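[1] need a structure here:
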Amino acid sequence: IENDLQDIDSTTSLFRDALASRPQGYRHHPLSVYHLVKALIWRFSKENFTAIYIHESAQLCCKLLPLCPEGTYLRSIAAGKTGVDYVVRECNKLPIDGSNEGIHIRRVVLELCPLDNQHRPKALDKLAWALISRFEQRGSTDDLDECIQHRREAVSLCSEGHSEHYYYLINLAYSLDTRFNHQGNYRDLKEAISLYEEALRLCPVRHESRDFSLDNLGAALLPYEKLDVSEDLSEAIDMYRDSLQLTQHGHPGRHPTLFNLSSALSSRITQTQKNEDVEEAIRLSQESLEALPSLHPDRCFSYMWLQEAYLSRYRVQRKSADLSLAVENFRLASRHPTQGFPQRILKSIDWARQMEVYQHDSALEAYQVCLNLFDNHVMTRSSIISRREAATAFGDTQSLSVDAASCPIRRDDLRRAVELLEQGRGQQWLLASRFRTPLEDLQLVSAELADKLSEVNKHLSNTQSSTGSTDRTAADRAAIQYRRLQEQWGIVVAEIRNLKGFSQFLLPPLYEDLQAAASYGPVIIFIASQYSCSAIIVPTSGKLHNVPLPSITLTELKNLKDRFTRAIRHQEIMRESRTDLIVLSRTIWDEIIQPIINVLEHVLKLKRLSRIWLCPTADCTSIPLHAAHPFLTKPDRSGKEPCLEDLYICSYTPTLSALVRSRQMMKKRVPPSFVAIGQGQPLTGKSKELLAVDSEIELVRKLVPATVNRTTISGDAATRAGALQALEENTWVHLACHGKQDHEQPYNSHFVMKDEPITLLDIMEKDIPCAEFAFLSACHTAVGDKETPGEVIHLAAGLQFSGFKSVIGTLWEVDSVAKHVIKAFYENMFKDGVIDCTKAAWALNRATHAVKKLVPLEQRMVFVHIGV
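    The predicted structure follows:
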């Protein structure tokens, strides 16, 4: 039977029928599984070793072994040379497949190899290669970290003296080197070099793996050139030359050595200025391109090193043709379709940075390409937290959005600057909101497409939680499902963009759409870049205004932010004179706000106490711009010079899109209901007791008009579940409790409840379109993320995202004297008996003015208004 394909097919079919009739729990179920495994193995061996049959065999073996107790005859034949042992051996011979399906099979094979199994090192290695293959395509650090864990285990299982010890050393070193290139941790690089040197010691001159060891050790030594270790650079070049001599033309491993040697030569030319180095580098890169098919992923690296060679020659000879050739290869590398997003992002960042240095016009194109690649890369991640991880994995991107915006500002293209800034710094919020996009307008044009998109959005939202499973096999399956749903989503969205009037659907917004943020007053965007510091004023109508801030640099802004942090911390401890805060507030006025006031007053003719919105970026997000104050007496001695909040009613907005979205949602209004949530006595060990919370909650309840449906939740009732339910069921919320900012993972920032905390992630997962106003009487609720200062990720912004149109948050710790601000705020808010969340900024402004004699400066400036 096993020699005839037709007989094997018939037998396999019969065994499938037998297994179907003997479900798990049936006495002969294990035997039926074994028979089907044997039939599939026969089919695999007779049909050109087609992988699908051995894959199914592996999955069946995983089900079979737990059903066969040790010592039984079935166990001995199932786990023997013609059973599981054969399946594992053959699976380990299959080509590496970095897809989710391929990795799933590798996990199955590893499950068949317990710690004492002779095939376990090879199974670990094959899974590691599949993971690093997926990393190179998608850039997930989880894949890279897991790959390194498996390779460490493989090295430990094959200690020195094992015939393949050198092989596992090289592979571990390669993975560590890759992680260094991705994350920049020099401890990884040093360990990689040490492992390569150990592997090289085990590979004599004619050893088959010596060229690979030389090539990779050269690549690992190359980064030390950045530390001015020129002898390491020359050593790397020598090793590449030796490696190249060992690989003939047409050898599949020749092209990496070609562009590695090219890169090393290009780096050395800056030291030696030898033309022969760069000419050889160009020739080698061109040879590597000729050796690769047009869609080979590694062509991206050939373009990269060719660009580096042309740029090296331009630095020496200053011929514009070389700079143009470098730009063209930057363009080809960053747009190469089969290379993963991470490498293309890194190259586009380098393109933008280099063109800034040489003041080339393509800098603007480079920034746009980079932001688009970032969007596409982050969209491949299924959860909010994994998107942030993807965005922060690149070391040189914290200032990308402001640098991108600064580029068109210096070319007097302010509209483009606003668009680029919004695309770069609003990325996390825009991606998180794409499943909540209102579809009413689309429903009127194409109900079918609106229903299709709504259905796919629902499935995608449901899939996000399962992709975070700790079971890697389950997570892989969920990731496959998410990717397929995302492909469906892309197809539906492409169809929608073909409809008249929907060409920009779910694309980064254009300025024409963003200007709606200034419908009720100008929005002032602060752009603090290494190249320039300025503010763009988006008016209610008319042209944009650029306000240069020549008196301050990015370095000085960082210093100002740090000084503010120290001053507030000192104030909390010492409770003494506010001299430091006064000096800093005056600095903000003189160097940042005063030039803007001049334009608002004299160009836009903006009336006193009009609304304005502040939209800070980068380090400006940690500076209380609303507190700008000259602290000067008028020349005629008639009183004090006005501060910013004497002149205008200030609000903040994380992005222009957030403000536009909140205004659009104002159409969905329902009768107001107010809940005051207080938790001053969390469980022992959670946080210290807040003695004033209960009295604050009672104060707020009394100040809310009796015509409004009012409830309070406090004490044991203020649990995580109870508070979240109250947030969903009420349109107005006052929250008094501990607020904790998580510096490592901002989505874990939280409010402390009786049992478990309410995290920012919990809040963002809620969709409360009818919510209106939230007062967050808790510490650190409006402080951004240090890792992504371009994005405003904090608790107040999260509430705005979930549906609250108007939010009051805090920049630092709130003191007990803040009750005076709260009392004055609600007295002003409900002064005329009208329940209107758009009055919140005005009410806060009036409140801080009213309590000047009762509340110290730092506790007046701690509160900020966000939203409409």
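[2] For I536, the count of nearby residues, please.
    21 (other CB atoms under 10 Å). The way it works is simple: take the backbone N, C-alpha and C, and place the C-beta from them, glycine included.
[3] Doesn't it belong to a strand?
    Yes. Under DSSP: H, G, I helix; E, B strand; the rest coil, I536 sits within a strand.
[4] Now do the contacts for it.
    For I536, the contacting residues are 409, 414, 417-418, 524-525, 527, 544-547, by CB atoms under 8 Å, 6 or more residues apart in numbering.
[5] If we use 6 Å, what do you get?
    414, 525, 544, 546 (CB atoms under 6 Å, 6 or more residues apart in numbering).
[6] partner residues bridging the closest residue to it other than its chain neighbours?
    Nearest residue to I536 in three dimensions, chain neighbours excluded: I525, at 4.6 Å (CB to CB, 6 or more residues apart in numbering). Residues in a beta bridge with I525, per DSSP bridges, are I536, C615.
[7] re earlier: any chance of the contacts of I536 in a markdown table with pLDDT and distance to L614 as columns?
    What follows is those, written out as a markdown table (pLDDT from 0 to 100; distance: CB to CB, whole Å):
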| residue | pLDDT | distance to L614 |
| --- | --- | --- |
| L414 | 97 | 18 |
| I525 | 96 | 9 |
| L544 | 97 | 16 |
| N546 | 97 | 16 |
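[8] who wins for neighbours among those?
    Once you tally neighbours by other CB under 10 Å, I525 ends up highest among the contacts of I536, having 28 neighbours.
[9] Out of the contacts of I536, list just those in helices.
    L414 (DSSP state H).
[10] Would you mind checking which of the contacts of I536 is nearest to K852?
    I525 (29.9 Å; CB to CB).
[11] I237 should be in a strand, yeah?
    No. The assignment for I237 is helix, going by three-state DSSP, so no strand is present there.
[12] Just give the nearest non-adjacent residue to it, would you?
    A264 (4.7 Å).
[13] and if you look at M665?
    Counting by CB to CB, 6+ apart, P769 is the residue found nearest to M665 once chain neighbours are left out, at 5.7 Å.
[14] what are the phi and psi values for that neighbour?
    With angles defined as degrees, to the nearest 10, P769 shows backbone torsions of phi -60, psi -20.
[15] what about it, distance to W589?
    39 Å (CB to CB, to the nearest Å).
[16] Tell me how many other residues crowd the residue nearest to I237.
    26.
[17] what sits up against the helix or strand it falls within?
    Assigned by DSSP states H and E, A264 belongs to helix 254-272. Helix 254-272 is contacted by residues 215, 219, 222, 225, 230, 233, 236-237, 240, 243-244, 247, 277-278, 280-281, 284-285, 287-288, 291-292, 301-302, 305, 308-309, 312 when judged by CB under 6 Å, 6+ apart.
[18] Which neighbouring elements make contact with whichever helix or strand comes after it?
    Note on helix 254-272: by DSSP H and E, the next helix or strand toward the C-terminus is helix 275-291. Counting contacts by 3 or more CB pairs under 6 Å, 6 or more residues apart in numbering; DSSP states H and E, helix 275-291 is packed against helix 254-272, helix 299-317.
[19] okay, those in a markdown table with distance to L691 and mean pLDDT next?
    As requested, those are arranged in a markdown table below (distance: least, CB to CB, whole Å; pLDDT from 0 to 100):
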| stretch | distance to L691 | mean pLDDT |
| --- | --- | --- |
| helix 254-272 | 63 | 74 |
| helix 299-317 | 61 | 87 |
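[20] Go through those helices and name the closest to V492.
    helix 299-317 (30.2 Å).
[21] which of the residues in that closest one are buried?
    299-315 (16 or more other CB atoms under 10 Å).
[22] and if you look at stretch 550-566?
    552-554, 557, 560-561, 563-564.
[23] Those residues in strands, which ones?
    With DSSP state E as the criterion, strands contain none of these.
[24] Can you name the two of those residues that sit furthest apart?
    Farthest pair in the buried residues of stretch 550-566, by CB to CB: T553 and F564, 16.7 Å.
[25] Would you mind confirming that Q339 makes contact with C300?
    Yes. Counting by CB atoms under 6 Å, Q339 does reach C300; the two are 3.8 Å apart.
[26] who touches R611 in this structure?
    Per CB under 6 Å, 6+ apart, neighbours of R611: 520-521, 649.
[27] same question, D298
    L292.
[28] if you set the cut-off to 8 Å instead, what comes out?
    255-256, 288, 292, 339.
[29] How many neighbouring residues does K319 have?
    Neighbour tally, K319, other CB under 10 Å: 12.
[30] related to what we said a few turns ago, and which of the contacts of I536 is nearest V868?
    Nearest member of the contacts of I536 to V868, counting by CB to CB, is I525, at 17.6 Å.
[31] Run a quick check on that closest one versus I612, I expect a contact.
    No. If you go by CB atoms under 8 Å, I525 and I612 don't touch, sitting 11.7 Å apart.
[32] in the stretch 501-650 of the chain, what spans have low per-residue confidence?
    571-577 (pLDDT under 70).
[33] if you set the cut-off to 50 instead, what comes out?
    The stretch 501-650 of the chain contains no residues with pLDDT under 50.
[34] Okay, helices next: where are they in it?
    511-514, 554-574, 579-588, 594-602, 644-647 (DSSP state H, counting those that start in this stretch).
[35] which other residues reach the first one?
    For helix 511-514, the external contacting residues (CB under 8 Å, 6+ apart) are 415-416, 418-419, 422, 504, 538, 656-657, 660.
[36] Which members of these are classed as buried?
    Counted by 16+ other CB under 10 Å, these give 415-416, 418-419, 422, 538, 656-657, 660 as buried.
[37] Make CSV from those residues and add distance to V378 and secondary structure to it.
    Converted to CSV, the buried ones among the contacts of helix 511-514 look like this (distance: CB to CB, whole Å; DSSP: H, G, I helix; E, B strand; the rest coil):
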residue, distance to V378, secondary structure
R415, 25, helix
R416, 22, helix
V418, 21, helix
E419, 18, helix
E422, 15, helix
V538, 26, strand
L656, 20, helix
S657, 16, helix
V660, 21, helix
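[38] farthest-separated two in those residues?
    Top of the distance list for the buried ones among the contacts of helix 511-514 (CB to CB): R416 and V660, 18.5 Å.
[39] ok, back up a step: could you check which of P769 and W589 is surrounded by more residues?
    Each of P769 and W589 has its neighbours counted (other CB under 10 Å); W589 has more, 21 against 13.
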